[in-house]
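Participant: Test case, fold it:
(one chain, ligands or ions: 1)
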Amino acid sequence: MSKNSPCIRCGKERIVAKSWTEYIGASLVTYTTTVCPDPECQKIVDDQLKKRKDKLETIQRESLRRKVENKRNRKTKKKK
Ligand SMILES: [Zn+2]
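Facilitator: Down below sits the predicted model:
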C-alpha cells in the first residue's frame, strides 16, 4: 500500500474517503481519495485546490486562445 500523505494544511494524517478500482487498458488500477480528518480543514484545502485549478484552467484557456488568434493573424496577414 502507498504511504498516507499528511494534510498539506494541518499535517494530520489524511484518511481514505473513497477507494475504487478501474481498468486502465488491461491493468487494474486502484484509486484512493484521501481527506483531512478535520472537515473544516478539508473544506479549506478543497477551496485552495479549486482556486489553483481554476487559475490553471484560465491560463490554459488564455494560451490556447492566443495560439488560435496568432494563427488567425498569420493567415490574414499573408497576402497572395
Ligand atoms: Zn488538515
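Participant: buried sites along the helix or strand where Arg52 lies?
Facilitator: Assigned by DSSP states H and E, Arg52 belongs to helix 39-77. Under the neighbour-count criterion of 16 or more other Cβ atoms under 10 Å, helix 39-77 has 41-42, 45 buried. Placement of C-beta: from N, CA and C, glycine included.
Participant: Return the distance of stretch 53-60 from the chain's centre.
Facilitator: Centre-to-centre, stretch 53-60 and its host chain are 10 Å apart (Cα atoms, centre = their mean, to the nearest Å).
Participant: now swap in stretch 14-28 and tell me
Facilitator: Relative to the mean C-alpha coordinate of its chain, stretch 14-28 is positioned 17 Å out (Cα atoms, centre = their mean).
Participant: Please point out which parts of that stretch sit buried.
Facilitator: By 16+ other Cβ under 10 Å, the buried positions in stretch 14-28 come out as Arg14.
Participant: Briefly note if that stretch comes near the ion.
Facilitator: No. Using Cβ under 5 Å from the ion, stretch 14-28 never reaches the ion; the gap is at least 7.6 Å.
Participant: got the contact list for that stretch?
Facilitator: 4-7, 29-37 (Cβ atoms under 8 Å, 6 or more residues apart in numbering).
Participant: most centrally placed residue in this protein?
Facilitator: Note on the chain: the residue nearest the mean C-alpha position is Lys53, at 5.6 Å, using Cα atoms, centre = their mean.
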